[in-house]
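Colleague: Have a look at this fold, sequence not included:
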């Protein structure tokens, strides 16, 4: 079943409005809407987190998000709409870093597709995360973005 509205793939510096994202994607054909909200937690491996800093290569990130959406539509043809919005810049504890919304006629498909979406986004989308602690900072998994990607995220 093709989407009845446009899927949404965005990178933003602004706080993510999950309710507005859901409203933009919800159609009368949907019997289920599943939303994943990835938020900044207050600790990592027992270390207190002050904030997170995300950097993104926006054009490639959006392109990769669209690929993930294509995979989802191919794997779960009943999915009606997909929305993926990732935030970049500095985020505080409890702020949303990513929101993923999946609509479908039935809940099982929506849950499965949403779970797949967050796993694939974390694997393939060029977004880098730095954890800022009270006593230092570290890029997650020791990966720092390439110099050419720095500052190239679009607002």
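Modeller: Yep, that arrived. The structure presented is a predicted model; accordingly, all values stated were derived computationally and were not measured.
Colleague: Strands along this protein, start to end?
Modeller: Listed in chain order, the strands found in the chain under DSSP state E are 8-12, 32-39, 43-44, 47-56, 81-87, 89-92, 96-104, 127-133, 136-139.
Colleague: Comparing those strands, which comes out most buried?
Modeller: Neighbour counts (mean count of other Cβ atoms under 10 Å) averaged over each of these peak at strand 81-87, with a mean of 25. Heads up, the C-betas are built off the backbone N, CA and C, glycines and all.
Colleague: Listing partners with orientation, what would you give for that one?
Modeller: The strands that strand 81-87 pairs with in its sheet are strand 8-12 (parallel), strand 96-104 (antiparallel) (by DSSP bridges).
Colleague: Kindly reformat these as CSV containing mean pLDDT and distance to residue 128.
Modeller: Formatted as CSV, the strands paired with strand 81-87 follow (pLDDT from 0 to 100; distance: least, Cβ to Cβ, whole Å):
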stretch, mean pLDDT, distance to residue 128
strand 8-12, 97, 12
strand 96-104, 98, 12
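Colleague: I'd like to know which of those is closest to residue 42.
Modeller: Closest of the strands paired with strand 81-87 to residue 42 is strand 96-104, at 13.8 Å (criterion: Cβ to Cβ).
Colleague: Report the angle between that closest one and strand 47-56.
Modeller: 70 degrees (axes from the mean of the first three to the mean of the last three Cα atoms, to 10 degrees).
Colleague: if I look at the closest residue to residue 33 other than its chain neighbours, how far off is residue 138?
Modeller: Take residue 33 and drop its neighbours on the chain: the residue closest to it by Cβ to Cβ, 6 or more residues apart in numbering is residue 103, 5.0 Å away. Plainly put, residue 103 is 37 Å away from residue 138 if you go by Cβ to Cβ, to the nearest Å.
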